[in-house]
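Asks: Structure for this input, please:
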Amino acid sequence: MVSIKDIAKHAGVSISTVSYALNGSPKVTPETTSRILAIAKELNYIPNAAARQLKKQESRIIGAFLTDFTGAFYGDLLQGMKEVLNRKGYDLIVCSGLQSHRLLPERMIDGAIILDLTFSDEELLDFADRGHKLVVLDRELNHPAVNEVLLDNKAGANLAMDYLIQNGHRKLYIVTGPKDTFDSRQRMIAVRQTLDRHPEVTAVVLDGDFNKGSGEAAARVIIDAYDGPVGVFCLNDEMAIGLHNYATAQGFRIGEQISVVGFDNIDLTRYLQPQLSTIHYSKHRWGAMASEQLLRLINGESVEHERIYVSLVEGESVSNIIE
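Replies: Coordinates of the predicted model:
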């Protein structure tokens, strides 16, 4: 591997002169800089990023940590992050898995955006104590080096439940997400609060995992017990699509026999017939806000926790059964 020592030898100058030239310092004349850069190119010199980071104490790289890459959820979120970071001269890398956690303590990245269950709260707080700047999208953490940019999950779940109840549905099914996810827990808190306000409503909770397969499994349970119109709140759209497809394949009419509301308003829902009623928020804005807040932390600015607001998209998958 070619080093600056090799370039200095070929150019007949000192190592410090080569270093100045490669970093664009005015201490070296334009003629000498041009000659050194030409030699570096000829020798296929590649700068040592790790050494440069040690000297400058920055990488200009931000890490986005995700639990996994499944589903149709992440594209807009990551694009929102990337656009903000690129405008400010930063690059984005996307990471997953326990081994990637070491990028923080090894300071290969300048900060991190976390949507990753493999990080414990204690691990993140330890990183924050060591001065690492973090934005969390999947939990609440109280630390001056950590900023929260969270979905208004409770408001979204309330909108979905109220919509089903206002349309006359008194028999409901709730298809949950994984029990260890922040979003699922928050949405279920709001579900239970709504049910407490409506004792006339009965609800069956079905365990899900935010994937289509658990939506299909929920549809089988609902169909086996079917004795009249029911409303279903799936805590994300992936499960709602799985439920929709399975029930339709079994001859059930979505929006008549089975009313369905999802959460996330992912692009795939636009291809469903009837169109899915769901909870909308801007995933692009969520990602952009996360990047903006992280850069403020890195720059030493004061930041407040942020919420991403939600709204109800009324599709045709919910029937009004009020007599």
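
Asks: could you show me where the helices are in the stretch 1-150 of the chain, in order?
Replies: 4-11, 15-22, 30-42, 49-56, 74-87, 121-129 (DSSP state H, counting those that start in this stretch).

Asks: Please list all residues in contact with the nearest residue to Glu200 once chain neighbours are set aside.
Replies: Spatial nearest neighbour of Glu200, chain neighbours left out: Arg170 (6.0 Å); criterion: Cβ to Cβ, 6 or more residues apart in numbering. Backbone N, C-alpha and C define where each C-beta goes, glycine included. Neighbouring residues of Arg170 by Cβ atoms under 8 Å, 6 or more residues apart in numbering: Glu200, Val201, Thr202.

Asks: cool, and Pro47?
Replies: Here Pro47 is in contact with Leu22 (Cβ under 8 Å, 6+ apart).

Asks: Check Ala247 too.
Replies: The contact partners of Ala247, taken as Cβ under 8 Å, 6+ apart, are Ala219, Ile222, Ile223, Ile254, Ile258.

Asks: next one: Asn236
Replies: Phe73, Gly177, Phe210, Gly262, Phe263, Asp264.

Asks: can you do 7 Å?
Replies: Gly177, Phe210, Gly262, Phe263, Asp264 (Cβ atoms under 7 Å, 6 or more residues apart in numbering).

Asks: will you turn those residues into TSV that also has secondary structure?
Replies: Supplementary listing: those in TSV, determined by DSSP: H, G, I helix; E, B strand; the rest coil:
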residue	secondary structure
Gly177	coil
Phe210	coil
Gly262	coil
Phe263	coil
Asp264	coil
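
Asks: Closest one of the residues you listed to Thr278?
Replies: Gly262 (4.0 Å; Cβ to Cβ).

Asks: How about that closest one: what's its closest non-neighbour residue?
Replies: Ala240 (3.4 Å).

Asks: Just to check, the one you found is in contact with Ser259?
Replies: No. Counting by Cβ atoms under 7 Å, Ala240 does not reach Ser259; the two are 11.1 Å apart.

Asks: Now do the SS call for the closest residue in space to Cys234 that isn't next to it in sequence.
Replies: With sequence-adjacent residues excluded and distances taken as Cβ to Cβ, 6+ apart, Cys234 is closest to Ala240, at 3.9 Å. Following three-state DSSP, the label given to Ala240 is helix.

Asks: Could you check how many residues crowd around Ser34?
Replies: 12 (other Cβ atoms under 10 Å).

Asks: scratch that, Arg307
Replies: Neighbour tally, Arg307, other Cβ under 10 Å: 14.

Asks: Also Gly287?
Replies: With other Cβ under 10 Å as criterion, Gly287 counts 29.

Asks: and if you look at Phe127?
Replies: Residues near Phe127, counting by other Cβ under 10 Å: 21.

Asks: Leu104 is in contact with that one, correct?
Replies: Yes. Between Phe127 and Leu104 there is a contact at 5.2 Å, judged by Cβ under 7 Å.

Asks: residue ranges with poor pLDDT in this protein?
Replies: Applying pLDDT under 70 to the chain flags the ranges 48-57, 71-72, 323.

Asks: Show me where it has its strands.
Replies: Along the chain, counting by DSSP state E, strands occupy 61-66, 91-95, 111-115, 134-136, 146-151, 171-175, 202-206, 230-234, 258-261, 278-280, 306-308, 311-313.

Asks: what's the last one in contact with?
Replies: Right, strand 311-313. Contacts of strand 311-313 (Cβ under 7 Å, 6+ apart): Leu159, Tyr163, Asn265, Ser277, Thr278, Ile279, His280.

Asks: these two touch, right, Phe182 and Asp138?
Replies: Yes. The pair Phe182 / Asp138 is scored as a contact, 4.7 Å apart, by Cβ under 7 Å.

Asks: Can you point out the buried residues in stretch 141-150?
Replies: With burial defined by 16 or more other Cβ atoms under 10 Å, the residues of stretch 141-150 counted as buried are Leu141, Ala145, Val146, Asn147, Glu148, Val149, Leu150.
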